[in-house]
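**Student:** predicted model and sequence follow; I will ask about them next.
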Amino acid sequence: MTKIICFGDSWAYGAELQNPQFTEHPFVHWVANEINLPYVNYGEQGASLGIILYKIVKQITNIKKQDIVLVVIPPDTRWYDENEREGFHSLMNWRRDDYFKSLNNKTVEWFKYHHAIFVYTIQKILDDIGCYYIMAHNYGQIDEIKKFNLRVDYSKFLSEIDLTNLLSEVPHDWQSYADRYVDGPLYNHEFSGKYFEGCVNHPNELGHKRIAELFLEKYKHDNQK
């Protein structure tokens, strides 16, 4: 049976929604509701792209050719680690000691390079499976990864515009989080408008419904070809 599988960070999980998955719902719920399919949401708050890739790898045998996969790409300065107690886990500015230890004087370029490699690898895995998928980045400009000349299929992205700018009334001009804060986003941005009302730095449920509409528009357009 065809199902929808969602991977991503807090935007996929539904951070700041009331009782996510039960009272208020993230965008994958509204996509699945519209096309009458079951769904699984592997969104995780604070997830780095390395951890999202790890989750996709773990689910390879459960992703079928007929499935629809939605992937939210998080900020490029998040990283990840692994140890016996926690397994694979994301590193971000709220774990400052571990995060700065992992940096070891790495530059912005290091983050951008790995971000490009992760995007390419995710696409290669899903292309090998043969399933339909859409990727969307929640911050920054996806153009930043083009300079590495990987065969990334940009037609698989919802838009070259990030989700924040698609939803916000105030334009955001960041190139990359790494350009602004090498220790990750500090959540001091002015998210504005009806799609963020009542939340600090994530969409409200109306915003998730709008994201679902955008995904569905692309899905229907791609499947009319």
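**Tutor:** Sure, I can see it.
**Student:** next, find the distance separating residue 1 from residue 39.
**Tutor:** Computed as Cβ to Cβ, to the nearest Å, the residue 1 to residue 39 distance reads 12 Å. C-beta here means a position set from N, CA and C on the backbone, and glycine is covered the same way.
**Student:** between those two, which has more neighbouring residues?
**Tutor:** Neighbours were counted for residue 1 and for residue 39 using other Cβ atoms under 10 Å; residue 39 has more, 19 against 7.
**Student:** got the phi/psi numbers for the more buried one?
**Tutor:** phi -140, psi 160 (degrees, to the nearest 10).
**Student:** low-confidence ranges in this structure?
**Tutor:** Counting by pLDDT under 70, the chain contains low-confidence ranges at 21, 93-96, 170-190, 225.
**Student:** top helix in it by residue count?
**Tutor:** Assignment by DSSP state H gives helix 108-129 as the longest helix of the chain.
**Student:** what lies in contact with that one?
**Tutor:** By Cβ atoms under 8 Å, 6 or more residues apart in numbering, the residues outside helix 108-129 that reach it are 49-50, 52-53, 56-57, 60, 63-65, 69, 71, 73, 76-77, 79, 133, 135, 144-145, 148, 150-153, 156, 176, 178-179, 182.
**Student:** can you give me the helices in this structure?
**Tutor:** Using DSSP H, helices in the chain cover 10-13, 27-35, 49-58, 96-103, 108-129, 163-167, 177-180, 205-222.
**Student:** okay, which residue is most central for the chain?
**Tutor:** Compute the mean C-alpha point of the chain, and by Cα atoms, centre = their mean the closest residue is residue 72, 2.0 Å away.
**Student:** would you check how far apart that one and residue 55 are?
**Tutor:** For residue 72 relative to residue 55 (Cβ to Cβ), the value is 12 Å.
**Student:** shared neighbours, these two?
**Tutor:** In contact with both residue 72 and residue 55: residue 7, using Cβ under 8 Å, 6+ apart.
**Student:** give me whichever of the helices of the chain is most buried.
**Tutor:** Ranked by mean neighbour count, these are led by helix 10-13 with a mean of 24 (mean count of other Cβ atoms under 10 Å).
**Student:** quick one: that helix to chain centroid distance?
**Tutor:** 7 Å (Cα atoms, centre = their mean, to the nearest Å).
**Student:** same thing with stretch 106-121?
**Tutor:** 15 Å.
**Student:** now for the closest residue to residue 67 other than its chain neighbours: which residues touch it?
**Tutor:** Nearest non-adjacent residue to residue 67, counting by Cβ to Cβ, 6 or more residues apart in numbering: residue 131, 4.8 Å away. Taking Cβ under 8 Å, 6+ apart, we find residue 131 in contact with 63-69.
**Student:** which of those are buried?
**Tutor:** Buried members of the contacts of residue 131, counted by 16 or more other Cβ atoms under 10 Å: 63, 67-69.
**Student:** using a markdown table, please lay out these together with distance to residue 120.
**Tutor:** Shown next, in a markdown table, are the buried ones among the contacts of residue 131 (distance: Cβ to Cβ, whole Å):
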| residue | distance to residue 120 |
| --- | --- |
| 63 | 18 |
| 67 | 21 |
| 68 | 21 |
| 69 | 16 |
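**Student:** please flag which of those residues sit within strands.
**Tutor:** Under the assignment DSSP state E, the buried ones among the contacts of residue 131 contribute 68-69 to strands.
**Student:** coming back round to it: closest one to residue 85 among the helices of the chain?
**Tutor:** helix 96-103 (12.3 Å; Cβ to Cβ).
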